[in-house]
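Trainee: Give me coordinates for this.
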Amino acid sequence: MYSSSIKLRKLRNQFRLSQQDVANTLELAQSTYFEWEKNDCDIKLEYIILLSDLFKVEIIDIVSDDNSGANKALQILFNKTESKINPVYLLNDIVDAQKKNIRFLENEVATLLNKVDMLEQKSKVR
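Mentor: Numbers count the residues shown, from 1 in each chain. Down below sits the predicted model:
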């Protein structure tokens, strides 16, 4: 999966925030945020959502790869770059990238639902 580290660093710098500022806003340790920027660990969906709110960007802007075929395809389709590549192949790249993002989000939702189920079971035991 794409490393969000460079993107996070750029967004944080655009907002003139320190790693500690972001960590405090997200209520986590600065070392955890540092690991995200180093790409040493995956970012949970709940934090991706919070980051997208903090930096005022779409979730896809945090988790997608700027160098992916999908983003290149979008640039070509919107005439931001010139290419003789067949648009059908580009659209397939877009669809494949979106399927990958959907699978990632589905896995994150399943994990969160499992956590909710576990918490509900614990509360029933009490």
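Trainee: Run a quick neighbour tally on R12.
Mentor: 19 (other C-beta atoms under 10 Å). (C-beta placed from N, C-alpha, C; glycine too.)
Trainee: separation between the residue nearest to it when sequence neighbours are not counted and F34?
Mentor: Nearest in space to R12, with sequence neighbours left out and distances taken as C-beta to C-beta, 6 or more residues apart in numbering, is V22 at 5.8 Å. Distance, V22 to F34, using C-beta to C-beta, to the nearest Å: 10 Å.
Trainee: what about the chain, any weak spots by pLDDT?
Mentor: Counting by pLDDT under 70, the chain contains low-confidence ranges at 1-4, 40, 64-91, 93.
Trainee: cutoff 50 now
Mentor: For the chain, the stretches flagged by pLDDT under 50 are 1-2, 80-81.
Trainee: quick one, strands of it?
Mentor: Applying DSSP state E to the chain gives no strands.
Trainee: So it: which segments form each domain?
Mentor: Domain assignment for the chain, taken from automatic domain parsing, gives 1-63, 65-126.
Trainee: most neighbours per residue, which of these?
Mentor: domain 1-63 (a mean of 15; mean count of other C-beta atoms under 10 Å).
Trainee: Just give me the longest helix of the protein.
Mentor: For the chain, the helix with the greatest residue count under DSSP state H is helix 87-125.
Trainee: Summarise which helices and strands it is packed against.
Mentor: Applying 3 or more C-beta pairs under 8 Å, 6 or more residues apart in numbering; DSSP states H and E, one finds that helix 87-125 contacts helix 45-54, helix 59-63, helix 69-77.
Trainee: Let's see that with 6 Å instead.
Mentor: If contacts are counted by 3 or more C-beta pairs under 6 Å, 6 or more residues apart in numbering; DSSP states H and E, helix 87-125 sits against helix 69-77.
Trainee: wait, F55 sits on L11?
Mentor: Yes: using C-beta atoms under 6 Å, F55 is in contact with L11, at 4.3 Å.
Trainee: can you list residues touching both of the two?
Mentor: Common contacts of F55 and L11 (C-beta atoms under 6 Å, 6 or more residues apart in numbering): none found.
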